[in-house]
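model the following, please.
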Amino acid sequence: MSALEPDDPRSVGEYRLLGRLGAGGMGRVFLGRSPGGRLVAVKVVHAELLRRPEFRDRFRREVQAARMVSGAFTAPVVDADPDAPLPWLVTSYIAGPSLEQAVAERGPFDPQAVLTLAAGLAEALVSIHAAHLVHRDLKPSNVLLAEDGPRVIDFGIVRSVDADSLTGSGHMAGSPGFMSPEQVNGDEVTWASDVFCLGAVLAFAATGTNPFGAGPTPALLYRVVHNAPDVAAVADPALRSLIADCLAKDPAHRPAPREILARIGPLGGESATALPHAQQW
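Next up is the predicted model:
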């Protein structure tokens, strides 16, 4: 967490802001405290998004849908105001590093920890998809490592399955290297897209690198669409096979989240097992 910047609000609704947790394309995220003393994460939407007349209505629909998400491995929505001058969303605060931070500071996970991570993230996707949402931006910075398991964040304003894209012309929803081929191509995005992103996240956790490499965005996106992922550095054969299946180019060939859970069980992955990177934080 960093200190509030001069142009940051000091409060949002009934929530007093304590510091800045981060910022992204959709808005700024703050650590806040509720009137009852509960720590929460407060996301405030960027003002420029409100220039699109349809954005506020879409934000409202997404908040309503996100309230339906339940599950141990997500951060539930606790409050929101789509009608505020700058719309905002409040979720439970999850104490713990992001997967991106943990790997950067402590290195890749061992195979058993990756299986534990996979089980928790697959359960999170089951909950998200059950609410008729597609996350669209599952990536290491959107996975928090709590002591009792991972949490998927930033699903409160994701795209509902039957909604149009919130992005404008020439802008893709997602993060290069953690996007599915269909996202890159602008094709229909379904739950299978989240599974592809999950595969990329697990490969990152296991190796410390993206399975499609690095470099300029156009080259990276080309490899996502056309090249086989590099998962050779994933030491465990069963884990390597699971990740490769999640990264299938054809969405129809990717396992569903419940299938992933069924495959992880015999391998010893337990979603309730604490992740060592979270314990050491």
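
give me the helix or strand of this structure that scores worst on average pLDDT.
Within the chain, judged by mean pLDDT, DSSP states H and E, the helix or strand with the poorest mean is strand 159-160; its value is a mean of 54.

next SSE after that strand?
Note on strand 159-160: by DSSP states H and E, the next helix or strand toward the C-terminus is helix 181-185.

does anything pack onto that next one? Which helices or strands?
helix 191-207, helix 217-226 (3 or more Cβ pairs under 8 Å, 6 or more residues apart in numbering; DSSP states H and E). For glycine as for every other residue, the C-beta is placed from the backbone atoms N, C-alpha and C.

can you list contacts of it?
136, 172-174, 187-190, 192-193, 196, 221, 224-225, 249, 251 (Cβ atoms under 8 Å, 6 or more residues apart in numbering).

apply 10 Å and report the result again.
Helix 181-185 is contacted from outside by 134, 136-137, 165, 172-176, 179, 187-190, 192-193, 196-197, 220-222, 224-226, 247-251, using Cβ atoms under 10 Å, 6 or more residues apart in numbering.

quick one: buried ones out of the residues you listed?
134, 136-137, 172-176, 179, 189-190, 192-193, 196-197, 220-221, 224, 247-249, 251 (16 or more other Cβ atoms under 10 Å).

and this protein, what are its domains?
Domains of the chain are assigned by automatic domain parsing as 11-92, 99-279.

out of those domains, which is the most enclosed?
domain 99-279 (a mean of 19; mean count of other Cβ atoms under 10 Å).

roughly how far is that one from the heart of the chain?
Relative to its parent chain, domain 99-279 has a centroid offset of 8 Å by Cα atoms, centre = their mean, to the nearest Å.

give me the element residue 151 is part of.
Here residue 151 is assigned to strand 149-152, by DSSP H and E.

packing partners of that strand?
When contacts are defined as 3 or more Cβ pairs under 10 Å, 6 or more residues apart in numbering; DSSP states H and E, strand 149-152 sits against helix 111-130, strand 143-146, helix 191-207, helix 276-279.

save those as CSV, and put in mean pLDDT and distance to residue 80 too.
Below are these laid out as CSV (pLDDT from 0 to 100; distance: least, Cβ to Cβ, whole Å):
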stretch, mean pLDDT, distance to residue 80
helix 111-130, 94, 17
strand 143-146, 94, 20
helix 191-207, 98, 22
helix 276-279, 58, 27
